[in-house]
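Participant: What would the 3D arrangement of this be:
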Amino acid sequence: MDRLKQLSLAYRLRWKRRRLLFRSFRKRRQLRPVIDRTAQIGPDDILVFSTMRNEMVRLPHFLAHHRALGVDHFLIVENDSDDGTRDYLARQPDVSLWTTPASYKLSRFGVDWLTWLQHRHAHGHWCLTVDADEILIYPHHDTRPLRALTEWLDRHDRRSFGALMLDMYPKGPLNAQVYEAGDDPFDILAWFDGGNYMIQKKPDLENLWIQGGVRARVFFADRPRRAPTMSKTPLVKWHRGYAYVSSSHSILPRKLNHVYDEAGGERTSGILLHTKFLHTIVERSAEEKHRAEHFANSDLYDTYYDSLTRNPDLWCEKSTRLISWRQLEAMGLMSKGNWI
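Facilitator: Next up is the predicted model:
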């Protein structure tokens, strides 16, 4: 009976993946190219895919950090920005840019648009799918380029790499320290919650479901199941038949979700340092509540946005100051596994 259930589930997931790919094909008409430099992409280039709106303050550091890691080209969908994001990105020599005024929510939070671009441009490439407020770090990232990691993953026949999203926050009210574009955001966002994470394995997609961090502590203590999912699979050796299911939290085929070791060891993993809580979050939360584009059941998160507009202090006596990736590994939040 278990065998029949597994076969039935595998069949349903294959059709789900096909539906997601067809959905992205239909949504392609919502994208208008601003500047297409994809002819520059080499056969071994590492690519970043991202959807963003009004991220001008984050972009200089976001691009500089990932360029320093070794990213070769950025493929970005700009979603109706009015803060200069589009013009800034169009001037970057390693960026291909599309724009759309269409609904972020109705595109599965940008995933449909990126799936189409990945189908067109990502086949055979290592691809990092991140938001503008996510900064990838991994074991030895300060001394080894991203290509060293992807080549090691290739040698070990691994096509995906997992990461924990780590919410970073300041000490004091959120808008007390003003961030300037191009500065290191972690001079301000220097703190995180290190010990309140809950982990489950989802039986259908076989991905890890991790919740916790400062948002779970401060905003969802009375309804922990509503707390954001913190586990992601952002780095994938792409095939045109792949499709993310829920942002980069899960992906099909589901074998790509196996970024963990069930045999008692630890697989190499990274961290997405989350820069959500810059000073801009206070004003932006009121706007995002009105737009209702960021959650499937937006009304359920009104109190979350209301709390942010009150400019809270997220720091507590148990907050941990970020020092290095080795500190994060020692705390069990990331692992170098057998990548020595």
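Participant: Please identify the buried residues of stretch 117-136?
Facilitator: Going by neighbour count (16 or more other C-beta atoms under 10 Å), the buried part of stretch 117-136 is 117-119, 121-122, 125-136. Using the backbone N, CA and C atoms, a C-beta is placed for each residue, glycine as well.
Participant: Narrow these to those in helices?
Facilitator: Per DSSP state H, helices hold the following members of those: 117-119, 121.
Participant: Please produce TSV containing the residues you listed, extended by distance to Pro253.
Facilitator: Listed next are those as TSV, based on distance: C-beta to C-beta, whole Å:
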residue	distance to Pro253
Leu117	20
Gln118	14
His119	15
His121	20
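Participant: would you turn those residues into TSV with distance to Lys202 and pLDDT?
Facilitator: Listed next are these as TSV, based on distance: C-beta to C-beta, whole Å; pLDDT from 0 to 100:
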residue	distance to Lys202	pLDDT
Leu117	27	99
Gln118	23	99
His119	25	98
His121	29	99
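Participant: Can you give the contact residues for stretch 306-315?
Facilitator: Residues outside stretch 306-315 that contact it (C-beta atoms under 8 Å, 6 or more residues apart in numbering) are 169-175, 191, 214, 218-219, 277, 281-283, 285-286, 289.
Participant: So among those residues, which ones count as buried?
Facilitator: Those of those that meet the buried threshold are 169-171, 174-175, 191, 214, 218-219, 277, 281-282, 285, 289, by 16+ other C-beta under 10 Å.
Participant: So for Arg37, what's the nearest residue that isn't a sequence neighbour?
Facilitator: Ser96 (4.7 Å; C-beta to C-beta, 6 or more residues apart in numbering).
Participant: Sticking with the one you found, tell me its helix or strand.
Facilitator: Assessed by DSSP states H and E, Ser96 sits inside strand 95-99.
Participant: Report all helices and strands that that strand contacts.
Facilitator: Contacts defined by 3 or more C-beta pairs under 8 Å, 6 or more residues apart in numbering; DSSP states H and E place strand 95-99 against strand 32-35, strand 73-78, helix 85-90, helix 111-121.
Participant: got the CA coordinates for the helix or strand bottoming out on mean pLDDT in the chain in PDB?
Facilitator: None of the helices or strands of the chain scores lower by mean pLDDT, DSSP states H and E than helix 281-291, at a mean of 86. C-alpha atoms of helix 281-291 as PDB (Å, rounded to 0.1, in the frame of the first residue of the first chain):
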ATOM      1  CA  ILE A 281      10.800  48.900   7.100                       C
ATOM      2  CA  VAL A 282       8.700  51.200   9.300                       C
ATOM      3  CA  GLU A 283       7.300  53.400   6.500                       C
ATOM      4  CA  ARG A 284       7.300  50.500   4.000                       C
ATOM      5  CA  SER A 285       5.200  48.300   6.200                       C
ATOM      6  CA  ALA A 286       2.200  50.700   6.000                       C
ATOM      7  CA  GLU A 287       2.500  50.600   2.200                       C
ATOM      8  CA  GLU A 288       2.800  46.800   2.000                       C
ATOM      9  CA  LYS A 289      -0.200  46.400   4.200                       C
ATOM     10  CA  HIS A 290      -2.200  48.600   1.800                       C
ATOM     11  CA  ARG A 291      -0.900  46.700  -1.300                       C
END
